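Visitor: No sequence on hand, only this structure:
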């Protein structure tokens with residue numbers, strides 16, 4: 001039988017090594033052995049990793065440092081505290097007749113209770129359903145009808161929406177727990193304090209589901225991604241390799257609870273290696289200066305942020321005001337990292353952002369590992385495949401692409417091994433399973449190409465690729481060029497119907513503070529695009545907008561913009577057409 005505490009200790013030993021060729025080879029060998037594991041009968045991450053290793057070896061070290069940025073209230077929880085408080089919740093829920101496989105919806109902002117709740121789910125073998133706090137009652141109604149809850153843990157602001165959705169759906173959970181508030185029919189989270197602080201861990205296997213994520217629904221209704229007691233806890237060793245946070249270090253990830261990125265980088269990665277999670281809580285929009293100041297003062301060692309946040313910081317914050325003396329690793333995930341963001345951050349701080357890629361359905365699959373620093377990163381590339389995954393490119397007939405520079409579908413080959421970090425299934429969506437698992441491959445739905453050195457370059461979602469005339473254009477490259485312009489905050493490119501070319505490229509553009517929509521600025525952007533893009537990739541329409549539609553996890557919903565274009569019957573006020581302005585654009 002596998003000795004998992006020994007396995008994780010070996011991983012941590014490799015983690016501590018210098019970031020060089022030796023470390024790369026040690027990881028390659030480690031993951032080769034991981035990939036040979038076919039089935040795990042008895043593994044509970046809470047018991048076998050957090051408690052056997054970290055509580056035993058560093059129980060009094062800080063697991064969670066939580067700070068309310070609005071008033072700088074600070075709370076610290078050791079690894080022993082995390083376990084004991086979570087045990088109380090396990091006992092409370094078991095007392096409400098919940099058992100292995102019971103469904104627990106967790107709809108909390110970044111408060112300490114989110115950590116206790118998530119840990120309790122893993123330890124008890126419940127099925128946690130992470131739920132973002134900005135969902136509507138209609139969103140929840142769909143979820144409750146599709147996957148009814150046995151228990152709900154929510155903050156006061158979310159409890160009203162939860163009750164509305166429960167009434168509409170007819171779902172009847174066994175208990176509802178409210179955090180920091182009061183509402184009729186709900187029990188206070190403080191009620192768990194009467195419970196014992198010891199709980200037996202449930203016996204779980206690689207078949208037992210412990211997390212069910214509803215996808216953000218960029219196309220169609222949200223699907224339920226099922227992860228098991230091994231696929232995220234062990235699978236995120238791949239993520240931990242890319243992030244490179246070490247025991248005792250301070251790690252911050254800018255991600256809201258309710259989404260896979262929180263589980264990836266705020267929960268499993270740091271707590272798997274005995275690091276300290278620094279959770280910075282704020283209300284409303286990201287307070288960029290205050291957030292950067294906190295990271296600097298707290299001595300953060302590793303930092304993870306999505307490109308959306310970096311673009312906001314770039315538009316509103318002078319990073320040269322901060323020293324970041326302890327900051328060693330900076331990584332980005334969630335969407336592709338624009339080359340200009342990489343260059344800007346390096347110029348401002350002297351540090352590099354390492355991009356990596358994965359999905360809710362997986363852990364980190366492709367990325368720039370730590371030994372790529374100082375010369376190994378190609379700005380705009382999201383790196384090379386993880387040793388955990390057998391990544392290939394497929395053409396439209398599902399044949400593997402071996403030539404550099406050829407665009408194809410990113411897929412995980414399952415014929416040699418099935419990566420431990422891959423989800424178990426889409427619960428209740430057999431048609432989605434048939435679409436995604438074809439002829440011995442898992443299809444990610446994303447497109448890319450690789451170059452002669454084996455670096456991968458993201459193109460876009462397969463359904464985001466635009467066919468214009470006889471060309472196929474991925475939106476990301478065009479968007480990256482547009483956001484290089486000093487006036488542009490964000491850009492989203494879609495195909496707009498055209499009687500001759502089938503589709504022409506249209507860019508929806510938001511502006512940074514101090515800039516206003518105008519014909520003159522549109523001319524500037526057209527000219528700017530012409531300097532960096534081939535003719536067929538130049539936007540033919542630019543529309544200035546106040547904001548871009550996004551999923552509740554912060555990703556741009558190009559599907560909404562495509563629908564907007566399909567339904568358009570007349571020209572909108574802030575639209576500017578290349579052909580009409582050609583005489584101005586092409587003036588020397």
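Guide: Perfect, I can see it now. Since this is a predicted model, take the numbers as computed values, not measurements. Residues are numbered from 1 along each chain as shown.
Visitor: For the stretch 201-350 of the chain, give me the ranges with low pLDDT.
Guide: Applying pLDDT under 70 to the stretch 201-350 of the chain flags residues 216-220.
Visitor: Now do the helices in it.
Guide: Taking DSSP state H, counting those that start in this stretch, the helices of the stretch 201-350 of the chain run over residues 237-243, 260-261, 269-273, 288-298, 307-316, 339-349.
Visitor: and the ones you listed, which is most packed in?
Guide: helix 237-243 (a mean of 28; mean count of other CB atoms under 10 Å). In short, each C-beta sits where N, CA and C put it, glycine included.
Visitor: these two touch, right, residue 70 and residue 284?
Guide: No - under the criterion of CB atoms under 8 Å, residue 70 is not in contact with residue 284, lying 9.2 Å apart.
Visitor: coming back round to it: could you export the helices of the stretch 201-350 of the chain as CSV, including distance to residue 461?
Guide: Shown next, in CSV, are the helices of the stretch 201-350 of the chain (distance: least, CB to CB, whole Å):
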stretch, distance to residue 461
helix 237-243, 21
helix 260-261, 16
helix 269-273, 25
helix 288-298, 28
helix 307-316, 15
helix 339-349, 20
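Visitor: Residue 150: which of those helices is closest?
Guide: helix 260-261 (21.8 Å; CB to CB).
Visitor: mind listing the strands for the stretch 451-588 of the chain?
Guide: Ranges of strands within the stretch 451-588 of the chain are 456-461, 466-468, 471-473, 488-498, 502-511, 541-544, 575-577, based on DSSP state E, counting those that start in this stretch.
Visitor: Which one of the ones you listed has the poorest average confidence?
Guide: Least confidently modelled of those is strand 471-473, at a mean of 79 by mean pLDDT.
Visitor: residues in contact with that strand?
Guide: The contact list for strand 471-473, computed with CB atoms under 8 Å, 6 or more residues apart in numbering, reads 407, 465-467, 505, 536-537.
Visitor: Looking at residue 70 and residue 284, which one has more neighbours?
Guide: In terms of neighbours (other CB atoms under 10 Å), residue 70 is the more surrounded of residue 70 and residue 284; the figures are 12 against 6.
Visitor: separation between the residue nearest the centre of the chain and residue 358?
Guide: For the chain, the residue nearest the mean C-alpha position is residue 261 (3.2 Å; CA atoms, centre = their mean). Applying CB to CB, to the nearest Å, the value for residue 261 to residue 358 is 9 Å.
Visitor: Contacts only, for the residue nearest to the centre of the chain.
Guide: 253, 255, 306, 333-334, 553.
Visitor: rerun that using 6 Å as the cut-off
Guide: By CB atoms under 6 Å, 6 or more residues apart in numbering, the contact list for residue 261 reads 255, 334.
Visitor: Residue 494 too?
Guide: By CB under 6 Å, 6+ apart, the contact set of residue 494 is 506, 558, 561-562.
Visitor: and it, bridged to which residues?
Guide: residue 506 (DSSP bridges).
Visitor: Where do the strands of the stretch 51-200 of the chain begin and end?
Guide: So, for the stretch 51-200 of the chain - with DSSP E, counting those that start in this stretch - the strands run 62-68, 73-78, 103-107, 127-130, 151-155, 175-179, 187-188.
Visitor: list the buried ones in the longest helix seen in the chain?
Guide: Scanning the chain for the helix with the most residues, using DSSP state H, yields helix 79-95. Using 16 or more other CB atoms under 10 Å as the burial criterion, the residues of helix 79-95 that qualify are 79-94.
Visitor: Nearest to residue 144 among those residues?
Guide: residue 93 (18.3 Å).
Visitor: circling back to that earlier point, between the buried residues of helix 79-95, which is closest to residue 425?
Guide: Closest to residue 425, out of all of the buried residues of helix 79-95 and judged by CB to CB, is residue 93, at 24.7 Å.
Visitor: got a pLDDT number for the closest one?
Guide: With respect to pLDDT, residue 93 scores 98.
Visitor: again with residue 101
Guide: So, for residue 101, pLDDT stands at 98.
Visitor: Now find how far off-centre stretch 171-186 is within its chain.
Guide: Stretch 171-186 has its average C-alpha position 29 Å from the chain's average C-alpha position, going by CA atoms, centre = their mean, to the nearest Å.
Visitor: Now do the buried residues in that stretch.
Guide: Buried, per 16+ other CB under 10 Å, within stretch 171-186: 171, 173, 175-179, 186.
Visitor: Pipe these into a markdown table and attach distance to residue 23 per row.
Guide: A markdown table is the format used below for the buried residues of stretch 171-186 (distance: CB to CB, whole Å):
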| residue | distance to residue 23 |
| --- | --- |
| 171 | 49 |
| 173 | 47 |
| 175 | 47 |
| 176 | 47 |
| 177 | 44 |
| 178 | 46 |
| 179 | 41 |
| 186 | 49 |
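Visitor: Between the residues you listed, which sits nearest residue 64?
Guide: Nearest to residue 64 among the buried residues of stretch 171-186 is residue 179, at 15.2 Å by CB to CB.
Visitor: which residues of the stretch 351-500 of the chain score low on pLDDT?
Guide: Using pLDDT under 70, the stretch 351-500 of the chain drops low at 470.
Visitor: Do a quick rundown of the helices in it.
Guide: 430-436, 475-483.
Visitor: residues of the shortest one that come out buried?
Guide: In other words, helix 430-436. Going by neighbour count (16+ other CB under 10 Å), the buried part of helix 430-436 is 432, 436.
Visitor: mind checking how far that helix is from the chain centre?
Guide: Counting by CA atoms, centre = their mean, helix 430-436 is centred 22 Å from the centre of its parent chain.
Visitor: Report all helices and strands that the longest helix of the chain contacts.
Guide: helix 113-124 (3 or more CB pairs under 6 Å, 6 or more residues apart in numbering; DSSP states H and E).
Visitor: From residue 474, how far out is residue 355?
Guide: Taking CB to CB, one finds residue 355 at 16 Å from residue 474.
Visitor: ok, the two, which is more surrounded?
Guide: In this view residue 355 and residue 474 are compared by other CB under 10 Å, and residue 355 has more residues nearby, 29 against 24.
Visitor: what sits against that one?
Guide: Counted by CB under 6 Å, 6+ apart, residue 355 has contacts 332, 337, 368, 382.
Visitor: The nearest residue to it once chain neighbours are set aside - how many residues pack around it?
Guide: Distance criterion CB to CB, 6 or more residues apart in numbering; nearest residue to residue 355, sequence neighbours excluded, is residue 337 at 4.0 Å. Counted with other CB under 10 Å, the neighbours of residue 337 add up to 28.
Visitor: correct me, but residue 337 touches residue 307?
Guide: Yes - using CB atoms under 6 Å, residue 337 is in contact with residue 307, at 5.1 Å.
Visitor: Need the residues touching each of residue 70 and residue 284.
Guide: In contact with both residue 70 and residue 284: no residue, using CB under 6 Å, 6+ apart.
Visitor: Quick check: buried residues in stretch 54-69?
Guide: 54-55, 58, 61-69.
Visitor: from the residues you listed, which is closest to residue 29?
Guide: Of all those, residue 54 has the smallest distance to residue 29: 24.4 Å, by CB to CB.
Visitor: surely that closest one meets residue 79?
Guide: Yes - here residue 54 reaches residue 79: they are 4.9 Å apart, a contact under CB under 6 Å.
Visitor: Ignoring the adjacent residues along the chain, who's closest to residue 256?
Guide: Closest to residue 256 by CB to CB, 6+ apart is residue 132, at 6.1 Å.
Visitor: List the buried residues in stretch 34-41.
Guide: For stretch 34-41, burial by neighbour count (16+ other CB under 10 Å) applies to 34-35, 40.
Visitor: Could you single out the nearest of these to residue 349?
Guide: residue 34 (34.1 Å).
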